[in-house]
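please work out how this folds:
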Amino acid sequence: MLLGPDGTPIDWIVGYQPPADKYRDRVEKSLKGIDTFQSLSERYAKEPKNVEVVFKLARKFSVRYDDQNQKKALELFKQVLAIDPEGKMGTTTAEYEEAKVTYTEYAEFSMGEMQLFGMKGEARPLQDFIKKYPKSGLQYPACKDLGSYYQRSGSKEEAARFFEDYIAKYPQDPFVLNSYVSRIIQDKTNIDKGIELEEKIRDLTKYNPILSYQKNLADLYLLKGDKAKAEEFYGKDFIEGRVSRLPFDLMDYANFWAKQKMNTESAVEMAELALKLKPDNNYLIQSVANIYCQVDRSDKALEIYGPDCLKKHQDEAQYLEGYASFWSGQGKNLESALDAAKRASELSPDDSYSWFVLGGVYQNLNRFEDALKAEEKALGQAETDKETSFIPRIKQKIEEIKKGMSQK
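Numbering: from 1, shown residues only. Model prediction:
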C-alpha cells in the first residue's frame, strides 16, 4: 500500500512475482503517480466515458479480493462493456500473457473469472467467453481457470464434457492433460482414461519427468488395484533415478553461469549442493574445484581437490592423471600436480597420455628440457600404439615447449 500524508490510499500492488527488477519498476511507477488508484480515480471523475481509464480503475479494484472491492470492479467492468460493447476503442496487453486484447474483451474475461471464483462459482460466463472469442490471447488462461474449477467442482458429467474439449484443444500440454487426470482420481471413475492420459504425459515429459504427474499415475494404478505398476512408475527405482541425475543437472547449471561470469553466487551454491549429494564422485569433485577457481576461490578448490586427496589414490593412474591435468590447466598447485603426474607415469609407463600430462606440468614449471623429454616419450608411445588422433596434440605441445626454450 502507498498512502498519502493523511493516510488516504494512493495505490496498491497485490502479490509479488519475480524478477525483482520488474517489481521495483512497478513500485517506482506508482511513486511517480502513473496509473495509480488516486490518479485514475481523479481522471475517472472527469472522464467517466474514457474506456481506458474505466478499465484500468476496474483492474485496480479487481486485484483486491474482498467483497467490497470486487463489487466495485464488477460495476466498472460493466461500464467498459456499456461504453465500448464492440471493442473498438482500444487494446491493452493481457497481464502475464503478453497478448494484445481489447478493453472489452479483457473486461469480459475478468468478469468471468470473478464469477467463477466468487461465492456463487458460476462457470457459464467464462464458458461463454471462450465461445465468443475463440482466437483470443486469453483463451488459454480462460480454459486454465475452468480446468482449475472443474478439478474440484461441477458434476462428473459436466466436468468430463469440459475436459474432453480442453484436451482436444491442447493435446500436447502436460498441464492440461494432468488437470483431467486429477479430476478422474477425485471421482475414482474412468480410470483407464486417466492411465491413457498419464501415459501420454510420460511420453511428453520423458526427458524431465514431473514428480506430481508420476504420483498421479501411481494413484491411478492403485485405484485399479495394480500395486506392481504403481511401484514401477513411482517407486524406489524412479526416485533414485531422479536423485542420481540431479547432481549432474545442478553441475551443468553451475558450469554454464560460471563460464559466463554471471550469477556466480548461485552457480557456486548449486555446485556445492551437487557435491553434497554425491561427495565421492570424482567428476563432481573436479568440476566443483573448477568452479571455485573460476570465481577466484582457489583455497576452497584445494580443500576438496588438493594434495590431501592424493593420499587415497596413490595407485590409481587415471585419477592421478586427472588431478595433474586439472592443476596444470589452472597453473596452480603445480608441485603437487608434478608428484601426481610422475606417479601416474610410473604406474602406466606405456600410457602416452600420462607422459603428455607430465610434460604439461613440467612446461608450466618452466622446466622445458624435462617437458620435452616427457612429450617425446608420449609421442613415441602414441606412434607405437597408432593413436593417430592423439599424435597431433603431442606434436603441437612439443612445438610450444621448443618455442618456450628458445625464448628462455
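
in terms of pLDDT, where does the residue most central in space within the chain sit?
In the chain, the residue lying closest to the centroid (CA atoms, centre = their mean) is residue 253, at 9.7 Å. Here, the pLDDT recorded for residue 253 equals 95.

going forward, the N-terminal residue is numbered 20.
Yep, numbering from 20; the last one is residue 272 now.

ok, now which ones touch it?
286, 289 (CB atoms under 8 Å, 6 or more residues apart in numbering). Glycine gets a C-beta too; all of them are placed from N, C-alpha and C.

would you mind measuring from it to residue 310?
The gap separating residue 272 from residue 310 is 11 Å, by CB to CB, to the nearest Å.

shared neighbours of these two, which are they?
residue 286.

where does the prediction get shaky in this protein?
In the predicted model of the chain, residues 114-116, 138, 427 satisfy pLDDT under 70.

how about the strands of it, start to end?
21-22, 28-30, 110-112, 119-121 (DSSP state E).

can you list the domains in the protein?
Domains of the chain are assigned by automatic domain parsing as 21-203, 266-426.

what's the burial count for residue 188?
14 (other CB atoms under 10 Å).

spit out the contact partners of it.
162, 195.

gap between it and residue 161?
In terms of CB to CB, residue 188 sits 11 Å off from residue 161.

and residue 417, what does it touch?
Here residue 417 is in contact with 391, 394-395, 398 (CB under 8 Å, 6+ apart).

now a ChimeraX select for only the buried ones of these.
ChimeraX command restricting these to the buried ones, with burial defined by 16 or more other CB atoms under 10 Å:
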select :391,394,398
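
export the contacts of residue 417 as a markdown table, with columns for distance to residue 412.
Formatted as a markdown table, the contacts of residue 417 follow (distance: CB to CB, whole Å):
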| residue | distance to residue 412 |
| --- | --- |
| 391 | 15 |
| 394 | 10 |
| 395 | 14 |
| 398 | 10 |
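
ok, the contacts of residue 417 vs residue 91, which is closest?
Ranked by distance to residue 91 (CB to CB), the contacts of residue 417 are led by residue 394 at 81.1 Å.

now the closest one: how far from residue 236?
57 Å.

likewise for residue 54?
46 Å.

and those two? Which one has more around it.
Neighbour totals were compared for residue 54 and residue 236, and residue 236 leads with 25 against 18 (other CB under 10 Å).

not counting its neighbours along the chain, what's nearest residue 233?
Using CB to CB, 6 or more residues apart in numbering and skipping residues adjacent in sequence, the residue nearest residue 233 is residue 253, 4.8 Å away.

right, and the one you found touches residue 231 too?
No - taking contacts as CB atoms under 8 Å, residue 253 lies outside contact range of residue 231: 10.3 Å.

more neighbours: which of the two?
residue 253 (21 against 8).

list the residues that contact the more buried one.
Residues in contact with residue 253 (CB under 8 Å, 6+ apart) are 233-234, 236-237.

rerun at 6 Å
Residue 253 makes contacts with 233-234, 237, as judged by CB atoms under 6 Å, 6 or more residues apart in numbering.

if I look at it, how far off is residue 23?
Distance from residue 253 to residue 23, by CB to CB: 55 Å.

try residue 98
Counting by CB to CB, the gap from residue 98 to residue 23 is 26 Å.

the domains of the chain: which one's closest to residue 260?
The minimum distance between residue 260 and the domains of the chain falls on domain 266-426, with 12.0 Å, by CB to CB.

now do the same end-to-end measure for that closest one.
This stretch, domain 266-426, spans 45 Å end to end (CA to CA, to the nearest Å).

just how off-centre is it within its chain?
Distance, stretch centre to chain centre, for domain 266-426: 31 Å (CA atoms, centre = their mean, to the nearest Å).

how about residue 99: what's its closest non-neighbour residue?
Excluding the flanking residues, the one nearest residue 99 by CB to CB, 6+ apart is residue 126, at 4.1 Å.
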